[in-house]
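K.L.:
When you get a sec, could you give me coordinates for this:
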Amino acid sequence: MKTFRALLVPLLLSAALPCLAQAQTMPPPGSVSAEAKAAADAGDLPRAIVLYGQAAVAGERGAAAQVARLALEGGDGAAPDYALARLWAGRAVEAGDSRGYLYLGQMAMEGLGAAADAGLARDYFLKGYEAGDLKAPRYLGLLDAASGDAAGAAEWYRKGADAGDITSQHYLGRAYQLGAGVPQDFAEAMAWYAKAAGRGDLIASDGIAGMASLYEAGQGVPADPAKALALYRRAAELGNERAAAALARLGG
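P.N.:
This next block holds a predicted model:
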């Protein structure tokens, strides 16, 4: 199978991308980005990455960041290409899309394609936050947590949670459950887990599993093994690995 890099050589030689206002919404019906998303959803990542590249060159909002994401993640027989991801994340930034900063930050934080650099990662995430990216606070919180600053992490999670980032909502619920950087408060934990769970998809499944853990332990609510199992089962059906492990542990 061709590498993503080989598929994108013609686009790599294209002129600079148009500068666009930030947009992180669903691609409009009939756009090349919509066609690319359909290909990605169907598991045809080589086609998706080429279409997103074409959409980016044509000036469609968010497309360059999607190229970066797919190159970063790899799949469908193609290994991740961090150099390609870095290039397209940079192009996304040039086009005014804050999501590019997040992918650059992730690579710096995790040492993908180069040595890990927490300071550089923080700089990228801060730029994403200043540009209004709702996911940026989550990553700033993770950096604080990794450095032992639980209070700083919880503060960032709250910023992300208030902005509507589902994973930040889960992390904030977890902080309240554990008393990490905030006073332990099981009612607050349940409230944030429930908020995170609302969408009912794989991303929301962390919130569902969090709710289950409170019912399992009887934290802030009466212990209810049956309800805990039902919630773990629901999260596991959505693909949540933590919930699947809990089911195996509980014999459910």
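K.L.:
where does the stretch 1-150 of the chain dip in pLDDT?
P.N.:
Within the stretch 1-150 of the chain, the ranges that satisfy pLDDT under 70 run 1-29, 77.
K.L.:
quick one: the helices in it?
P.N.:
4-12, 32-41, 45-57, 63-73, 82-94, 99-110, 118-130, 136-146, 150-163 (DSSP state H, counting those that start in this stretch).
K.L.:
so which of those helices comes closest to Ala194?
P.N.:
Proximity to Ala194 (C-beta to C-beta) singles out helix 150-163 among these, at 12.2 Å. C-betas here are computed from N, CA, C, even on glycine.
K.L.:
then that closest one to CSV, C-alphas only?
P.N.:
Only the C-alpha atoms of helix 150-163 are listed here, as CSV (Å, rounded to 0.1, in the frame of the first residue of the first chain):
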residue,chain,number,x,y,z
ALA,A,150,-2.9,18.7,40.3
ALA,A,151,-4.5,22.1,41.1
GLY,A,152,-3.3,23.6,37.9
ALA,A,153,-4.6,20.6,36.0
ALA,A,154,-8.0,20.8,37.5
GLU,A,155,-8.2,24.5,36.7
TRP,A,156,-7.4,23.8,33.0
TYR,A,157,-9.9,20.9,32.9
ARG,A,158,-12.6,23.3,34.3
LYS,A,159,-11.8,25.8,31.5
GLY,A,160,-12.2,23.0,28.9
ALA,A,161,-15.3,21.6,30.6
ASP,A,162,-17.0,25.0,30.7
ALA,A,163,-16.1,25.4,27.0
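K.L.:
ok, the residue nearest the centre of the chain - contacts?
P.N.:
Taking C-alpha atoms, centre = their mean, the centroid of the chain lies closest to Lys135, which sits 7.0 Å from it. By C-beta atoms under 8 Å, 6 or more residues apart in numbering, the contact set of Lys135 is 99, 102, 128, 160, 165, 167-168.
K.L.:
Distance of it relative to Ala55?
P.N.:
21 Å (C-beta to C-beta, to the nearest Å).
K.L.:
just to revisit the earlier point, closest one of the contacts of Lys135 to Leu45?
P.N.:
Of those, the one sitting nearest to Leu45 (C-beta to C-beta) turns out to be Arg99, at 18.2 Å.
K.L.:
Could you tell me how many residues sit around the closest residue to that closest one other than its chain neighbours?
P.N.:
The shortest distance from Arg99 to any non-neighbouring residue, by C-beta to C-beta, 6 or more residues apart in numbering, is to Ala65 (4.0 Å). Neighbours of Ala65 under the rule other C-beta atoms under 10 Å: 27.
K.L.:
Please tell me I have it right and Ala65 contacts Gly96.
P.N.:
No. Assessed by C-beta atoms under 8 Å, Ala65 is found out of contact with Gly96, at 10.6 Å.
K.L.:
Show me how the chain divides into domains.
P.N.:
Per automatic domain parsing, the structural domains of the chain span 1-97, 161-252.
K.L.:
Would you mind giving those domains as CSV with distance to Ala146 added?
P.N.:
As requested, the domains of the chain are exported to CSV (distance: least, C-beta to C-beta, whole Å):
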stretch, distance to Ala146
domain 1-97, 20
domain 161-252, 13
